[in-house]
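[1] the sequence isn't on hand, but the structure is:
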DNA sequence: GCCCGGACTTCCACTGGGCGGGAGGAGCGC
DNA sequence: GCGCTCCTCCCGCCCAGTGGAAGTCCGGGC
């Protein structure tokens, strides 16, 4: 018996959502007790809520008792604007780009202080690449990141400059130098990196812009990852630009104005 | 005043989920009152729950007041097994396949009585195609559908045979004929269609199998869509088979046994 | 400018759905 | 068999959730 005692004021909904929050890419399959612990929910409560979520199809219970994200959430996720408005539109362009240059191709947006990878195309032979669709990488150490950072609001830039974490020995961690690089990116309209995120990988990226009444807005970054010894990178800039412009134009057409 | 009166016995969680259910591909952006109506929730209740869902990031509220699916649900959806265990693994193979044959390439699984499209790759020039990632099409009118149906449990086959809806004038709607076609698919290990789903498109598909203790299990179907006048389709079967086998082998390695 | 209608937001008293400790069961390793 | 962990079920208390009503905001017609 005894009524509630812990965390008063937590709504039912927030508890249910906390349970969903227990899942992340490092833990996509969880047992009841793991979920209860990770979400800070009493075991019994977690059990009941999990039952409801599983009935609806948000989660599925595997035969070994562990829970996974269900198809219904997968479906819903596909309705998010990143998918519906950006990824869908951009995919064929990335496709063509990949066919042409045969390296790994990326599309990313800025999500707070990270680059969020929205799409990635790579054959089975290309350079090993860290990013996956849905993963987040630092803005200062990747090509797409630098492009996104170069067009981010001042306060974001300042915050990022204050925390330039070293990823490899080539990572730019000096705020002054990064500031100059960003200016360079704005001027040249593309960014490069060489082994700044992971050894053995260089990258090249350009902005994807949409025209608004107030002028062009950078909505995403398009990038490629190549082996660092490739010396002809700048030659690829126009190829990326053509694709980026295509995406931008298509976005302007598709996107429900505003 | 006055307590609840409508639908007693509905849990809070089920109401919140009903609200998410209001969103689908034909209605990915909704106003408060639309959501209230579509979910059968009183306006006020919908309003409160939407607030909670938006705070958490399941939904986002646009500046025009309408709600959309938020990034957090997109993220969660990426953790679903279809994505993590199937799509991720299969993508490079589809990629290679597309590069080789240059037509639209598909990967689908059976979801109840439909084929659920998990991945699609097409350049910008190929045949116009109905399917999109996340969309569902009938099992009896598509190549991947027939492959999936051919290996489905008996009761699924019977149910589908009872409701062969006509999509075009070439759709097979005779249960007897479909039954023979399925036997043929099982024997030959591939399926064909020609303008049975949409005019101007033919398709070819093969099963993707994973070896289990109990023998091989069909977990997905791999297909291509081509113009109907192409007469060399059977020549492409081995190409599809190689890719399908590659996916199957990789799945067996990756997939957490069971 | 004014009025009207529709869509959204805030308020608040009542009450039944949610809560979670505890008991009991299932499965497993030793 | 025994102890351990993990899961499921039970049940009475009580506060979070509920939703009608009233208030506010906005845009468009006249």
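    The structure has been received and is ready for your questions. Everything quoted here is computed from the prediction, not taken from an experiment.
[2] wait, isn't residue A:32 in contact with residue A:61?
    No. Checked against CB atoms under 8 Å, the pair residue A:32 and residue A:61 is beyond contact range at 9.3 Å. The way it works is simple: take the backbone N, C-alpha and C, and place the C-beta from them, glycine included.
[3] can you pull the residues that touch both of the two?
    Jointly contacting residue A:32 and residue A:61 under the rule CB atoms under 8 Å, 6 or more residues apart in numbering or on different chains are A:50, A:67.
[4] buried set for stretch A:179-190?
    Neighbour-count burial for stretch A:179-190 flags A:181, A:182, A:185, A:190 (criterion: 16 or more other CB atoms under 10 Å in any protein chain shown).
[5] ok, the last one - contacts?
    This points to residue A:190. Contact partners of residue A:190, counting by CB under 8 Å, 6+ apart, are A:147, A:204, A:205, A:206, A:237, A:240, A:241.
[6] can you pick the most crowded of those?
    Tallying neighbours with other CB atoms under 10 Å in any protein chain shown puts residue A:147 at the head of the contacts of residue A:190, with 31 neighbours.
[7] surely it meets residue A:182?
    No. Contact criterion CB under 8 Å: residue A:147 and residue A:182 do not qualify, at 9.5 Å.
[8] and of the buried residues of stretch A:179-190, the nearest to residue A:163?
    residue A:182 (15.2 Å; CB to CB).
[9] model confidence score at the nearest residue to that closest one once chain neighbours are set aside, please.
    Closest residue to residue A:182 apart from its sequence neighbours, by CB to CB, 6 or more residues apart in numbering or on different chains: residue A:150 at 4.7 Å. pLDDT recorded at residue A:150 is 97.
[10] nearest residue to the residue of the stretch 1-150 of chain A found nearest DNA strand D other than its sequence neighbours?
    Nearest residue of the stretch 1-150 of chain A to DNA strand D: residue A:11, at 2.8 Å (CB to the nearest atom of the strand). Leaving aside its sequence neighbours, residue A:11 sits nearest to residue B:52 (CB to CB, 6+ apart; 6.2 Å).
[11] what helix or strand does the one you found sit in?
    Per DSSP states H and E, residue B:52 falls inside helix B:43-56.
[12] then residue A:159?
    helix A:154-161.
[13] which elements pack onto the helix or strand just after that helix?
    Following helix A:154-161 in sequence order, the next helix or strand is helix A:175-188 (DSSP H and E). Here helix A:175-188 is seen to pack against helix A:143-150, helix A:154-161 when contacts are counted using 3 or more CB pairs under 8 Å, 6 or more residues apart in numbering or on different chains; DSSP states H and E.
[14] at 10 Å instead, please
    helix A:143-150, helix A:154-161, strand A:191-194, strand A:202-212 (3 or more CB pairs under 10 Å, 6 or more residues apart in numbering or on different chains; DSSP states H and E).
[15] overlap in contacts of residue A:147 and residue A:182?
    Residues touching both residue A:147 and residue A:182 by CB atoms under 10 Å, 6 or more residues apart in numbering or on different chains: residue A:191.
[16] just how off-centre is the helix or strand residue A:93 falls within within its chain?
    Here residue A:93, judged by DSSP H and E, is contained in helix A:88-101. Centre-to-centre, helix A:88-101 and its host chain are 18 Å apart (CA atoms, centre = their mean, to the nearest Å).
[17] show the model's pLDDT score for the closest residue to DNA strand D within the stretch 101-250 of chain A.
    As assessed by CB to the nearest atom of the strand, DNA strand D sits closest to residue A:213 within the stretch 101-250 of chain A, at 16.6 Å. For residue A:213, the model assigns a pLDDT of 74.
[18] repeat that for residue A:145.
    Confidence score, pLDDT, at residue A:145: 98.
[19] that one: how many residues sit nearby?
    Neighbours of residue A:145 using other CB under 10 Å come to 28.
[20] burial measure for the residue nearest to residue A:182, as a count.
    By other CB under 10 Å, 23 other residues sit near residue A:150.
[21] these two touch, right, it and residue A:143?
    No. Using CB atoms under 10 Å, residue A:150 makes no contact with residue A:143, being 11.0 Å away.
[22] okay, and the common contacts of the two?
    Joint contacts of residue A:150 and residue A:143 (CB under 10 Å, 6+ apart) are A:185, A:190, A:191, A:221.
[23] quick one: low-confidence parts of chain A?
    Scanning chain A for pLDDT under 70 picks out the ranges A:1-9, A:124-128, A:255-258.
[24] and the longest helix for it?
    When chain A is parsed with DSSP state H, its longest helix is helix A:233-254.
[25] is chain B contacted by that one?
    Yes. Helix A:233-254 comes into contact with chain B (CB under 10 Å from any CB of the partner chain), by way of A:246, A:250.
[26] what helices and strands are in contact with that helix?
    Applying 3+ CB pairs under 10 Å, 6+ apart, one finds that helix A:233-254 contacts helix A:88-101, strand A:104-111, strand A:191-194, strand A:202-212, strand A:215-226.
[27] report how many residues lie close to the nearest residue to residue A:104 once chain neighbours are set aside.
    Among residues not flanking residue A:104 along the chain, residue A:122 sits closest, at 3.8 Å (CB to CB, 6+ apart). By other CB under 10 Å, 21 other residues sit near residue A:122.
[28] got it, and residue A:70?
    Neighbours of residue A:70 under the rule other CB under 10 Å: 21.
[29] wait, doesn't it sit right on residue A:50?
    No. With contact defined as CB under 10 Å, residue A:70 does not reach residue A:50; the gap is 11.5 Å.
[30] ok so, going back, quick check: the residue nearest to residue A:11 vs DNA strand C, distance?
    Noted for residue B:52: a distance of 12 Å to DNA strand C, by CB to the nearest atom of the strand, to the nearest Å.
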